[in-house]
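Participant: model this:
(one chain, ligands or ions: 3)
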Amino acid sequence: MGTRPDTGGMRRAHTVEQVRAAEGELMARLPEGALMQRAAHGLAAAVADLLGEVYGARVRLLVGPGDNGGDALWAGALLARRGAGVEAVLLSEKAHAEGLAALRAAGGRVVDSGGARPDVVVDGILGIGGRPGLRENAVAALADVAGVPVVAVDVPSGVEVDTGRVDGPHVRAHLTVTFGTHKLAHLVDPAAEACGALHLVDIGLDLPEAALEALQPADAGALLPVPGPFDHKYTRGVVGVRAGSEQYPGAAVLCTSGAGTGLAGMVRYVGSAADQVRAVHPEVVVGAGRVQAWVVGSGGSEGAAEALAEAAADGVPLVVDADAIAHVRSLEPDADVLITPHAGELAALLDVDRAEVEADQLGYARRAAADLGVTVLLKGRHTLCAAPDGRVRVTTTGTPWLGTAGAGDVLAGLCGALRAAGLSSYDAGSLGSWLHGAAAQLASDGGPLVAARVADAVPPVVRGLLRSTLS
Ligand SMILES: NC(=O)C1=CN([C@@H]2O[C@H](COP(=O)(O)OP(=O)(O)OC[C@H]3O[C@@H](n4cnc5c(N)ncnc54)[C@H](OP(=O)(O)O)[C@@H]3O)[C@@H](O)[C@H]2O)[C@@H](O)CC1
Ligand SMILES: Nc1ncnc2c1ncn2[C@@H]1O[C@H](COP(=O)(O)OP(=O)(O)O)[C@@H](O)[C@H]1O
Ligand SMILES: [K+]
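Facilitator: Ligands and ions are numbered 1, 2, ... in the order given. All right, here's what the predicted structure looks like:
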């Protein structure tokens, strides 16, 4: 049976090709039109929820040429039968014939764009068959209803469904109601941001392995390294931090804060900010020694290349952040590496513009991971964790308040602790990012925060996960 709606297990996203194949298989076993009926009922229910009161509400359908428009028309018919005033603006010479007949039979009308302001707009312009961008008449029809909440059918029309790119005009939705499974554009920015809230309607698809995953609390809980009865600090893992510089001693403090949230057994520090680190974190052991993973580069300045070479000489897994990222090509090809760039740092590493990376986050994260043979944690609103073998996870925890100086230093330390505790680079990066985002939400509580508070909030987030995992 298909991916379940938004609660519970791992959130998964599939490509258009995977979705079409699963839909084809299921359609062959069902009466004609049955899948569209499932989709339309789920869509109508979500629009009704948004409206609160259906009777007397004004609903505007923007209808394109394909089955996406068909979903909108059938859902419009259901709403019209419940007493809504439903108008359809047909944006193409073609429109789904049965859907249109059903809408008319239910009392819905076809209108030109313009007219009285509706209470809600249903975007049935383009779905998974859409090419990026919108025609002029669609752009004009959207302008006519500017400010009205939009419910996107399957995807906000105009976005590129398999990449999350938005290269032309597109819909900005309040809510996106999708069917069977999430598509990549629902989770990958910048398209994900245009989706608004997501609602998944189960239409019974049987789906293959996902193209993209987003950890949910139960998944995060299951990945946590939890000490057993006979564990001690060394078996739990020692994480080493080589961060900070004369210019940026605070980065060393913040990075050791992330490393020292209790998920590894011990934190070592090597670098010029030892006094500052010791003053804030008396439990940190200063000086070189055996570690299970090194975190290198946060606030490292010009010393980052040397710090990276020294850490790499130990032959243990590396988490490479900030100034050290530029030197990652100097590492042995078989080194086990997680890099933690923001878009600007990945752009510099790949010698492209930052805007290009921001426009194609999934493409660049995947390519960098494959080409460099490292795991890439591309930080942003929805951080991506791409493994060299092609797997990708996306982080949906977090808050824009996390865009604050030093937050990345905390994240690097946290990922290093998880790596030292024995998680793979892929799990350490994706779980570290998930915990970092969840901790930021807890610390922010809807308001501003500073990076140190994010680290402070990691233990309560972990405690909450463990409680719900055990209950
Ligand atoms: N399959 C199923 O079982 C189920 C599917 N369901 C629903 O069907 C949706 C997919 O429907 P679909 O395949 O008909 O494609 P859809 O996105 O509606 O439009 C394609 C049309 O648009 C045109 N076109 C493309 N780009 C354009 C542009 N930029 N500007 C203007 N026009 C453009 C394109 O033209 P062409 O490429 O042929 O030139 C073609 O005519 C899916 O998202 C879901 O909502 C659900 O009911 C559940 C069951
Ligand atoms: N708008 C946003 N929404 C959610 N998270 C964000 C946003 N902007 C930045 N972040 C997160 O904040 C952190 C910033 O890290 P980074 O850019 O390295 O900052 P610094 O170098 O100052 O430590 C990253 O984890 C990133 O994912
Ligand atoms: K749509």
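Participant: mind listing the strands for the stretch 301-450 of the chain?
Facilitator: For the stretch 301-450 of the chain, the strands defined by DSSP state E, counting those that start in this stretch occupy 318-320, 337-339, 375-378, 384-386, 392-394.
Participant: give the pairing partners of the first one; include direction for each.
Facilitator: Just to be clear, that refers to strand 318-320. Strand pairing for strand 318-320, determined by DSSP bridges: strand 293-296 (parallel), strand 337-339 (parallel).
Participant: also the third one?
Facilitator: Based on DSSP bridges, the pairing partners of strand 375-378 within the sheet are strand 337-339 (parallel), strand 384-386 (antiparallel).
Participant: please identify the deepest-packed of the strands paired with strand 318-320.
Facilitator: Of these, the one with the most neighbours on average (mean count of other C-beta atoms under 10 Å) is strand 293-296, at a mean of 32. For glycine as for every other residue, the C-beta is placed from the backbone atoms N, C-alpha and C.
Participant: just for the stretch 201-350 of the chain, where's the confidence low?
Facilitator: For the stretch 201-350 of the chain, no stretch has pLDDT under 70.
Participant: return the residues of it in contact with ligand 2.
Facilitator: Contact residues, the stretch 201-350 of the chain versus ligand 2 (C-beta under 6 Å from any ligand atom): His342.
Participant: cool, and the stretch 1-150 of the chain?
Facilitator: Residues of the stretch 1-150 of the chain lying near ligand 2 (C-beta under 6 Å from any ligand atom): none found.
Participant: sec struct for whatever residue of the stretch 1-150 of the chain ends up closest to ligand 3, please.
Facilitator: Across the stretch 1-150 of the chain, no residue is closer to ligand 3 than Asp123, which sits at 4.5 Å (C-beta to the ion). Counting by DSSP: H, G, I helix; E, B strand; the rest coil, the backbone at Asp123 sits in strand.
Participant: for it, list each beta-bridge partner.
Facilitator: Leu62, Ala152.
Participant: tell me the pLDDT at it?
Facilitator: Per-residue confidence at Asp123 stands at 99 (pLDDT).
Participant: ok, now which ones touch it?
Facilitator: Counting by C-beta atoms under 8 Å, 6 or more residues apart in numbering, Asp123 makes contact with 62, 72, 150-153, 156-157, 171, 173.
Participant: again, but for Gly289
Facilitator: Per C-beta under 8 Å, 6+ apart, neighbours of Gly289: 238, 240, 268.
Participant: how about the residues of the chain near ligand 3?
Facilitator: Applying C-beta under 5 Å from the ion, one finds that the chain approaches ligand 3 through 123, 152-153, 157.
Participant: the closest residue to Leu449 other than its chain neighbours: how many residues sit nearby?
Facilitator: With C-beta to C-beta, 6 or more residues apart in numbering as the measure, Ala443 is the residue that lies nearest to Leu449, at 4.7 Å, once sequence neighbours are left out. Residues contacting Ala443 under the criterion other C-beta atoms under 10 Å number 24.
Participant: same check on Gln247?
Facilitator: 13.
Participant: and it, which of the three is it?
Facilitator: When the rule is three-state DSSP, Gln247 gets the label coil.
Participant: that one contacts Glu302, correct?
Facilitator: No: Gln247 is beyond contact range of Glu302, at 9.0 Å (criterion: C-beta atoms under 8 Å).
Participant: near ligand 1, which residues of this structure?
Facilitator: Within the chain, the positions lying close to ligand 1 (C-beta under 6 Å from any ligand atom) are 23, 27, 35-36, 39, 64-69, 71, 126-131, 133, 135, 153-154, 179, 203.
Participant: from these, which land in helices?
Facilitator: If you go by DSSP state H, these have 23, 27, 35-36, 39, 67-69, 71 in helices.
Participant: so where does Leu200 fall, helix or strand?
Facilitator: strand 197-201 (DSSP states H and E).
Participant: how about Ala13?
Facilitator: Using DSSP H and E, Ala13 maps to strand 11-14.
Participant: hang on, the earlier thing: quick check: ChimeraX command selecting the buried ones in the residues of the chain next to ligand 1.
Facilitator: In ChimeraX syntax, the buried subset of those is picked out as below (16 or more other C-beta atoms under 10 Å):
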select :23,35,36,39,64,65,66,67,68,69,71,126,127,128,130,133,153,154,179,203
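Participant: for stretch 81-89, measure first residue to last.
Facilitator: End-to-end distance of stretch 81-89: 19 Å, with C-alpha to C-alpha, to the nearest Å as the criterion.
Participant: quick one: mean pLDDT for it?
Facilitator: 98.
Participant: hmm, what's the outermost residue in this protein?
Facilitator: Most distant from the centre of the chain: Ala105, at 41.4 Å, with distances by C-alpha atoms, centre = their mean.
Participant: now that one. Nearest residue, chain neighbours left out?
Facilitator: Leaving aside its chain neighbours, Ala105 sits nearest to Ala77 (7.1 Å; criterion: C-beta to C-beta, 6+ apart).
Participant: was I right to think the one you found contacts Ala106?
Facilitator: Yes: using C-beta under 8 Å, Ala77 makes contact with Ala106 at a distance of 4.1 Å.
Participant: higher neighbour count, the two?
Facilitator: Ala77 (25 against 18).
Participant: so that one lies in a helix, does it not?
Facilitator: Yes: Ala77: assigned to a helix according to three-state DSSP.
Participant: and Gly2, what's its pLDDT?
Facilitator: On the pLDDT scale, Gly2 is placed at 34.
Participant: er, Ala46 actually
Facilitator: Model confidence at Ala46 (pLDDT) stands at 98.
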